[in-house]
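K.L.:
From the sequence below, what's the structure:
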Amino acid sequence: MKQRFLKRTFASLLCLVAVVWLIGAGAVRAQAMKTLSIGINWMESKDEGILPEEVEIPVLMYHNFVKDSNDSSISKDTMWVGQFRKQMELLRENGFHAISLEQLVALAECGKALPDKPVLLTFDDGYRSVYELAFPVLKEFDMHAVVFPIGVSVGKDTYKDTNLPITPHFTWEQAQEMVDSGLVSIQSHTYDMHQIKEFEIAAGGKLLRPNILRQPWETETEYAEALLKDLNLSRNAIEEKTGQDVVALSYPGGSYDALSEELLASYGIKCTFTIHKGKAVIQPGSPDSLYALNRFYVQSSTTDQEFLEWVS
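P.N.:
Alright, predicted model coming up:
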């Protein structure tokens, strides 16, 4: 009698375990179906082992814009805004989604899914034309972007504290307006590690920081201190003026090395961008894959066909 009772009890326990297991499996299947329903790059989450090992994302790099298609200043870094608008039309017509920096970071840190056909738009230097000409296009097409201003040049139309004229840069008030739209993230292009030789010499000084790299005249410790000081100036200004956390940096001139990458990571920068041609390769769930990301350098000479080849 006692044995029969024990057998029935054991059988009941097995049934209960089976029910619990089925409920759990159903929840997993439901989560997988939920993931499938939002049009993403993979089937399930990284924990379930079905994420791709790599996700390729075209990152586009822009600089300055002009209103007139016949403007004599159109060059490598300056393009007609009508050309930019046409490129945004091409993205929309071909089903691309301009993602935010936050989405890019979440992909690498958490394996969080992206929309189909993601693309990241970036703008270097912080020219006023980005606010006056490109930003209205971003709003028109409801596209996210990341803007990397040079800290020392924000709001300036002369080089630093000289009277030497430069291409005008947007103000902090204009940066705040772009941030408030929910479409633009303001990140770092360094504070003053993007110096221009001609201007530095014309101002009576020396070219000390053409890029972010350690210079021949400084020790590694001196360089680490100089980089941290510059980053803090850039980061503090952006966070104070726009309320945004600075987690990304675009390398001036695309120059970087293992030391700059290591130091920036230790200083809290999660994501860095170069100017090496090609798609950025992100490993879902791997934050280390956010460093030294490739970008396509969009110029006035970029044809529509070439543009589509880059993003496809």
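K.L.:
alpha carbons only for contacts and neighbour counts from here, please
P.N.:
Will do.
K.L.:
helices or strands next to the host helix or strand of residue 89 in the packing?
P.N.:
Under the criterion DSSP states H and E, the helix or strand holding residue 89 is helix 81-93. With contacts defined as 3 or more CA pairs under 8 Å, 6 or more residues apart in numbering; DSSP states H and E, the packing partners of helix 81-93 are helix 135-141, helix 304-311.
K.L.:
let's go with 10 Å and repeat that
P.N.:
Helix 81-93 makes packing contacts with strand 64-66, strand 97-98, strand 118-125, helix 135-141, helix 304-311 when contacts are defined by 3 or more CA pairs under 10 Å, 6 or more residues apart in numbering; DSSP states H and E.
K.L.:
Which of the ones you listed sits closest to residue 193?
P.N.:
Distances from residue 193 to each of these were compared by CA to CA, and the smallest falls on strand 118-125, at 11.5 Å.
K.L.:
Do a quick rundown of the strands in this protein.
P.N.:
Remark: strands assigned in the chain by DSSP state E are 55-57, 59-62, 64-66, 78-80, 97-98, 118-125, 145-149, 184-186, 248-250, 271-273, 280-282, 296-297.
K.L.:
hang on, the earlier thing: which parts of the helix holding residue 89 are buried?
P.N.:
Across helix 81-93, burial judged by 16 or more other CA atoms under 10 Å covers 81-85, 87-88, 91.
K.L.:
can you redo these as JSON lines with pLDDT and distance to residue 272?
P.N.:
Listed next are the buried residues of helix 81-93 as JSON lines, based on pLDDT from 0 to 100; distance: CA to CA, whole Å:
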{"residue": "81", "pLDDT": "98", "distance to residue 272": "26"}
{"residue": "82", "pLDDT": "98", "distance to residue 272": "29"}
{"residue": "83", "pLDDT": "98", "distance to residue 272": "27"}
{"residue": "84", "pLDDT": "98", "distance to residue 272": "24"}
{"residue": "85", "pLDDT": "98", "distance to residue 272": "26"}
{"residue": "87", "pLDDT": "98", "distance to residue 272": "24"}
{"residue": "88", "pLDDT": "98", "distance to residue 272": "24"}
{"residue": "91", "pLDDT": "98", "distance to residue 272": "24"}
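K.L.:
Name the surrounding residues that touch the helix holding residue 89.
P.N.:
62, 64-69, 94-98, 117-119, 121, 129-130, 133-134, 136-138, 140-141, 143, 298-300, 302-304, 307-308, 311-312 (CA atoms under 10 Å, 6 or more residues apart in numbering).
K.L.:
run the last query once more with 6 Å
P.N.:
65-67 (CA atoms under 6 Å, 6 or more residues apart in numbering).
K.L.:
If you rank these by neighbours, which is first?
P.N.:
Each of these was scored by neighbours using other CA atoms under 10 Å; the highest score is residue 65's, at 27 neighbours.
K.L.:
Look up how far residue 119 lies from that one.
P.N.:
Note on residue 65: its distance to residue 119, by CA to CA, to the nearest Å, is 20 Å.
K.L.:
before we move on, the earlier item: could you dump the strands of the chain into CSV with distance to residue 221 added?
P.N.:
Formatted as CSV, those follow (distance: least, CA to CA, whole Å):
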stretch, distance to residue 221
strand 55-57, 35
strand 59-62, 32
strand 64-66, 36
strand 78-80, 38
strand 97-98, 40
strand 118-125, 28
strand 145-149, 26
strand 184-186, 29
strand 248-250, 21
strand 271-273, 22
strand 280-282, 31
strand 296-297, 33
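K.L.:
Nearest to residue 271 among the contacts of helix 81-93?
P.N.:
Of all these, residue 271 sits closest to residue 65, with 25.8 Å by CA to CA.
K.L.:
give me the beta-bridge partners of that closest one?
P.N.:
Here residue 65 sits in beta bridges with residue 79, going by DSSP bridges.
K.L.:
Assess the claim that it and residue 131 are in contact.
P.N.:
No: taking CA atoms under 6 Å as the definition, residue 65 is not a contact partner of residue 131, at 9.8 Å.
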